[in-house]
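>>> model this:
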Amino acid sequence: MSFSQHLVLWLHVAFVIFTIGPVTLAIMSTPRYIRHRDIRILRYLTRMTFVLAIASLGVLIAGLALASMIGKAGKPWVIISATLFVVAILLLGLIYRDQRHAIKALEAGTATAAQALVLSDQASAPLADQGPGTQATAGPAATTGPAAAADTGATTGTAQAAGAAPPQPAKPGDAANALPAHLASVERGRIAMMGGVVSLIWLVILVLMVWNS
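Next up, the predicted model:
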């Protein structure tokens, strides 16, 4: 092989090492951080997937250039490898889209939970304000006779009614938070499935390259 052929070969290998490996790692790590709802790491993995997916086109370009230089551009295994690589790039685009959808779903769930917490605090504030005022209802004069008995019965009933635990209201964010969490879970499954397919494609291409080299 000439110097130019060796140079293109080393470029091809360098693109494989510095793009295919890291982008596969980013894809396979995404479902775990979706499950943990770590939006900051997910944004980093999404940017990493986008940049490395574009950079991985250098693998295809260098590979086709090398095959053309050594006279193997028309070989079936080269055509199959190039086709599989294009399919993998398309799947990377779909994975990037699903990563963005998962981030948006988690952000919506976080915003809904924060809004529900604010509404819950606002609903509990009036009940806390009513607490000290209920102690000033007793009158200064004592009442005897049947009226006192009636007052005593009424007071007992009121105390029992006041002592009963009020029904807990449903949190307003529960139903709204369920949908974003479900969407994020769906995206996580899709990313894991397509990431497995992409990894299998990389493996098939590697086997074809090694077998026919």
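>>> count of residues packed around Ile20?
21 (other CB atoms under 10 Å). In this view, the C-beta of every residue, glycine as well, is placed from N, C-alpha and C.
>>> got any ranges where this structure has weak pLDDT?
112-180 (pLDDT under 70).
>>> now with 50?
Along the chain, segments meeting pLDDT under 50 span 135-152, 154-165, 167, 169-170, 172-173.
>>> mind listing the helices for it?
With helices called from DSSP state H, the chain shows them at 3-15, 21-36, 39-55, 57-69, 76-130, 146-163, 173-212.
>>> Please tabulate these in CSV, including the columns mean neighbour count.
Below are the helices of the chain laid out as CSV (neighbours: other CB atoms under 10 Å):
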stretch, mean neighbour count
helix 3-15, 15
helix 21-36, 18
helix 39-55, 17
helix 57-69, 18
helix 76-130, 15
helix 146-163, 10
helix 173-212, 16
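>>> what residues are up against Gly63?
Applying CB atoms under 8 Å, 6 or more residues apart in numbering to Gly63 gives the contacts 12, 78, 81-82, 85.
>>> one more time with 10 Å
8-9, 11-13, 15-16, 78, 81-82, 85, 205, 209 (CB atoms under 10 Å, 6 or more residues apart in numbering).
>>> can you check Val87 too?
Per CB under 10 Å, 6+ apart, neighbours of Val87: 197-198, 201.
>>> What sits closest to Gln5 if chain neighbours are left out?
Excluding its sequence neighbours, the residue lying closest to Gln5 (CB to CB, 6 or more residues apart in numbering) is Met69, at 5.2 Å.
>>> meant to ask about Phe50, not that
Tyr96 (5.3 Å).
>>> pretty sure the one you found is touching Arg47, no?
Yes. Judged on CB atoms under 10 Å, Tyr96 makes contact with Arg47 at a distance of 9.5 Å.
>>> Good, we can wrap up now.
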